[in-house]
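**Q** Model the following, please.
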Amino acid sequence: MQKKLFIISNERFYTDQKNFYCDNIAEKTLPDGLSKNFEVEIIGRVSSIKRAHKLNLKKIITTNNLISYLSYIYKNIRKDDTKFLVLSISPFTFLASLIFIFSDTKPFVYLRSDGHEEYKSILGFYGPVLYSIMFNIVSKIGVFLSCRENILKKKKGYVVYPSEINSKWTLNPKKLAFDVINLLYVGRIKVEKGIFSLITMINNQDRINLTILGATKDNIKKINQNNVKVFEIENDENNIIKFYDDHNIFILPSYTEGHPMVLLEALARLRPVIIFKEIKHVIGDYEGIFISERNSEELIKKINYIKENYEEIQERMKENKLPTKETFLNDFIKLLS
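**A** Now for the predicted structure:
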């Protein structure tokens, strides 16, 4: 008989009455992957907007009512045969974590990104203050699991490197001529992702084209720039790989990131990556990642350097040792068990 795992999420799930969909790939990978070893149930919030990733779980509870959210969690923590996993720290999941003060159970708390930086990009000066309060309290309640050592902020915890990479991603990366500069961004269109600052930087740069993959219909209407093409969220893995292969450079303009899946995808397809200094911690030991200042002049310098040294850079990138989805899930299961 499988052990039970109850996942507490801040994610908004969309349902078409038959299936549930989420926006963040980690909210799919972990529940779906862990369901092979656990009987998984997840609680989250409700979305009225169609999301990208379909979950394969049978038991998903959604509510936007905070009282209902907390009451359902409280009922479940009284079960002795269940383990608990909190995905990220947010006001909702923070309040849910407080419930465990009244229990002998310690939940696992998975930190996917540095909330201090994320909250700063959204709330300014007060953001890191609010997050620090939640972070320090939760560190005394649960067991931290993190995608990077620095995100733990010297608190006790375990590091598990996430990945969506399987053998398909490293198979026969397409060679591409560098006649035209084609940048690719894959991700959500949000202020903290830096995509609007990037669009501004390449405005009036006729020789630079940007493709954005990950928009909603509403996002597409907001972006109107001749050298920017916007595509809706893509679910088909083969089509996503083709997007990488049809572009020279991958660019990740985020102000804050933990261990971005899209960076690993770009490296797997041998596409050099440009990031900005706010997330320089993601480089690690990987070849093929370049840091730019957040202005047009410096960005163009990096692009030109990559263009002039493209083949040499790609040869070095072949030596990268990338984590895989299989090792990520196996490591996670060991810690939960």
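**Q** Tell me where the stretch 151-300 of the chain has strands.
**A** 157-159, 181-186, 208-215, 228-232, 249-252, 273-276, 289-292 (DSSP state E, counting those that start in this stretch).
**Q** residues making contact with the first one?
**A** Defining contact as Cβ atoms under 8 Å, 6 or more residues apart in numbering, one finds that strand 157-159 is touched by 111, 143-149, 152, 335. Where C-beta positions appear, they are placed from N, C-alpha and C, glycine not excepted.
**Q** State the distance from Asp246 to Met201.
**A** For Asp246, the distance to Met201 (Cβ to Cβ, to the nearest Å) stands at 22 Å.
**Q** Give me the more crowded residue out of those two.
**A** Comparing Asp246 with Met201 by other Cβ atoms under 10 Å, the one with more neighbours is Met201, at 23 against 12.
**Q** Distance-wise, check the more buried one relative to Val228.
**A** Distance of Met201 to Val228, computed by Cβ to Cβ: 11 Å.
**Q** Asn56 too?
**A** From Asn56 to Val228 the distance is 34 Å (Cβ to Cβ).
**Q** Please apply the same query to Ile42.
**A** 35 Å.
**Q** Neighbour count for the two, which is higher?
**A** Ile42 (26 against 19).
**Q** Name the nearest residue to the more buried one, sequence neighbours excluded.
**A** Ile7 (4.1 Å; Cβ to Cβ, 6 or more residues apart in numbering).
**Q** helix/strand/coil for the one you found?
**A** Look at Ile7: counting by DSSP: H, G, I helix; E, B strand; the rest coil, its state is strand.
**Q** for it, which residues make a bridge with it?
**A** Beta-bridge partners for Ile7, by DSSP bridges, are Ile42, Leu85.
**Q** burial count for it?
**A** Neighbours of Ile7 under the rule other Cβ under 10 Å: 25.
**Q** Next up, the contacts around it.
**A** Counted by Cβ under 8 Å, 6+ apart, Ile7 has contacts 30-31, 40-43, 84-87.
**Q** now do 6 Å
**A** By Cβ atoms under 6 Å, 6 or more residues apart in numbering, the contact set of Ile7 is 31, 42, 85.
**Q** helix or strand for the first one, which one?
**A** Secondary structure assignment for Pro31, by DSSP states H and E: helix 26-34.
**Q** before we move on, the earlier item: nearest to Ile233 among the contacts of Ile7?
**A** Pro31 (18.8 Å; Cβ to Cβ).
**Q** so how many other residues sit close to the closest one?
**A** Counted with other Cβ under 10 Å, Pro31 comes out at 27.
**Q** now do the one 10 residues further on
**A** For Glu41, the neighbour count with other Cβ under 10 Å is 19.
**Q** Surely it touches Ile60?
**A** No. Glu41 lies out of contact with Ile60 (Cβ atoms under 6 Å); the separation is 7.6 Å.
**Q** quick one: the residue sitting nearest the centre point of the chain and Phe13, what's the gap?
**A** What sits nearest the mean C-alpha location of the chain, by Cα atoms, centre = their mean, is Pro260, with 5.1 Å. As judged by Cβ to Cβ, Pro260 and Phe13 stand 22 Å apart.
**Q** do Asn136 as well
**A** Asn136 sits 29 Å away from Phe13, going by Cβ to Cβ.
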